[in-house]
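> let me see the structure of the following:
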Amino acid sequence: MTPAERYILLGLRLGRHVDGLVDSYYGPAELKEQADGEELVPPEQLVADGAALLAELDESWLRDLVRGLETYARVLAGESISYSDEVERCYGVRPQRIDPTVYEEVHARLDELLPGDGTLADRREAWRQQNRVPAEKLMPVMLDLFAEVRRRTQQLFGLPEGEEIAVEEVSDEPWWAFNYYQGGRRSHIVVNVDVPTTYHDVLELCCHEGYPGHHTERATKEVALVEERGQIEETINMVPTPQSVLAEGIAETARDVLGPDVEEAAIAIYRRHGIEYDHERAQAISRAMEPMRGIGVDVALKIHEDGANVDEAVEYAMRCGALTEQRARQSVRFVTDPTWRAYSICYSAGGELARAFHRNDPARFKQLLTENVRISELLGSR
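Numbers count the residues shown, from 1 in each chain. Predicted structure coming up:
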């Protein structure tokens, strides 16, 4: 069995322990059948399998992936690993706390931008509700925006022939939206209607999950890496690996790389649907909040390293993130979920590293879409 096949089998076996750990799989059917048909492999054995594979691999992208799975297996087996070490071993980036003065500066700017009276959390939530896309218009608006960003992605980077997406609304999930890549250049994108999607956010969602974000990356790499180079390790996407940092880095910067006029195109689409909103204020609020994009990492560190309980973490998220209790509990739910506990860093660090690497240069962004740039290389480009 090749190292790539052993990696896939390790991932599939781990995935049987924790639902959602396998983000997607479209690889050899016989490996899936083997993993599904055997007795559940104990985490301790998965640690040994991962360690043995690591020992055989030279420094490479595949070794980085295996290291992530071996680390997760150790956590699953109950080994004593600090949260920061777990994150760094899985993703190649060590979590850093946000300086408290950053929160103060963001709060001061939000105080200037958010209309109304009351706490920042209440004013921020009121703003989100006032600018929430009406339920009956969310899907029609999204489909038109997907078409627009797809056209722009095709022009800038090209798209694999036959790629397509399907979009669906869901509820009761710990995340806002999700892309289930199905192989065959197809994605199933779902949007959690429990989380308010504002007029400003919906464009971000379409770029992040679709074009030129998650769907574009996976469909492009299915052709460039799997079909053309035979790298079957790309047919499995595992949550606790550097794949996630790279994927979220691409997705977090997807809207920016399409150029500033994509916002104007979005406004025109909203108007066709009878929607008018204060775009300039919405954009200013969004930019003001960027420095605290890593609040999820802070909340996770509060819980997993400082020993805060759920209520203490919720209070911290409310105070620092200017969040209502409901939204703070959604954030805490994410970082305490067995699948996603270490994942928050993928958004903040991934976005920072990808932005430093491509700097909105389409050629550099396309390199991320077609190659697996190691996290060490991304760190070196900062």
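> just checking, residue 47 is part of a strand?
No: the assignment for residue 47 by DSSP: H, G, I helix; E, B strand; the rest coil gives helix, which leaves it out of any strand.
> same for the helix ranked longest in the chain, what does it pack against?
Among the elements of the chain assigned as helix by DSSP state H, the one spanning the most residues is helix 135-157. The contact analysis (3 or more Cβ pairs under 8 Å, 6 or more residues apart in numbering; DSSP states H and E) places helix 135-157 against strand 164-170, helix 199-209, helix 214-221, helix 261-272, helix 362-370. The C-beta positions use only the backbone N, C-alpha and C, and glycine is treated the same way.
> most tightly packed of these?
Neighbour counts (mean count of other Cβ atoms under 10 Å) averaged over each of those peak at helix 214-221, with a mean of 26.
> would you tell me what the next helix or strand after it is?
On the C-terminal side of helix 214-221, the nearest following helix or strand under DSSP states H and E is strand 236-238.
> how far is that next one from where the chain is centred?
The chain centre lies 13 Å from the centre of strand 236-238; the measure is Cα atoms, centre = their mean, to the nearest Å.
> same check on stretch 227-247?
Between the centre of stretch 227-247 and the centre of its chain there are 14 Å (Cα atoms, centre = their mean).
> C-alpha coordinates for the longest helix of the chain, CSV please?
The C-alpha trace of helix 135-157 is given here as CSV (Å, rounded to 0.1, in the frame of the first residue of the first chain):
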residue,chain,number,x,y,z
ALA,A,135,-35.8,34.9,3.9
GLU,A,136,-37.7,34.9,0.7
LYS,A,137,-35.0,36.8,-1.1
LEU,A,138,-31.9,35.0,0.2
MET,A,139,-31.8,32.2,-2.3
PRO,A,140,-32.7,34.3,-5.4
VAL,A,141,-30.0,36.9,-4.4
MET,A,142,-27.4,34.2,-3.7
LEU,A,143,-28.0,32.4,-7.0
ASP,A,144,-27.5,35.7,-8.9
LEU,A,145,-24.4,36.5,-6.9
PHE,A,146,-23.0,33.0,-7.5
ALA,A,147,-23.5,33.5,-11.2
GLU,A,148,-21.7,36.9,-11.1
VAL,A,149,-18.6,35.7,-9.1
ARG,A,150,-18.5,32.6,-11.2
ARG,A,151,-18.2,34.7,-14.3
ARG,A,152,-15.4,36.8,-12.8
THR,A,153,-13.6,33.7,-11.5
GLN,A,154,-13.7,32.1,-15.0
GLN,A,155,-12.2,35.3,-16.5
LEU,A,156,-9.4,35.5,-14.0
PHE,A,157,-8.4,31.9,-13.3
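> how about that helix: buried residues?
The neighbour-count check on helix 135-157 (16 or more other Cβ atoms under 10 Å) flags 138, 141-142, 144-146, 148-150, 152-153, 156-157 as buried.
> any chance you could map the strands in this structure?
22-25, 164-170, 177-183, 186-192, 236-238 (DSSP state E).
> go through the ones you listed and pick out the most buried.
Comparing the strands of the chain by mean neighbour count (mean count of other Cβ under 10 Å), strand 236-238 comes out on top with a mean of 25.
> related to what we said a few turns ago, quick one: contacts of the longest helix of the chain?
For helix 135-157, contacts defined as Cβ atoms under 8 Å, 6 or more residues apart in numbering pick out 133, 159, 165, 167, 169, 191, 193, 197, 202-203, 205-207, 210-212, 216, 220, 257-259, 262, 265-266, 269-270, 272-273, 275, 362, 365-366, 369.
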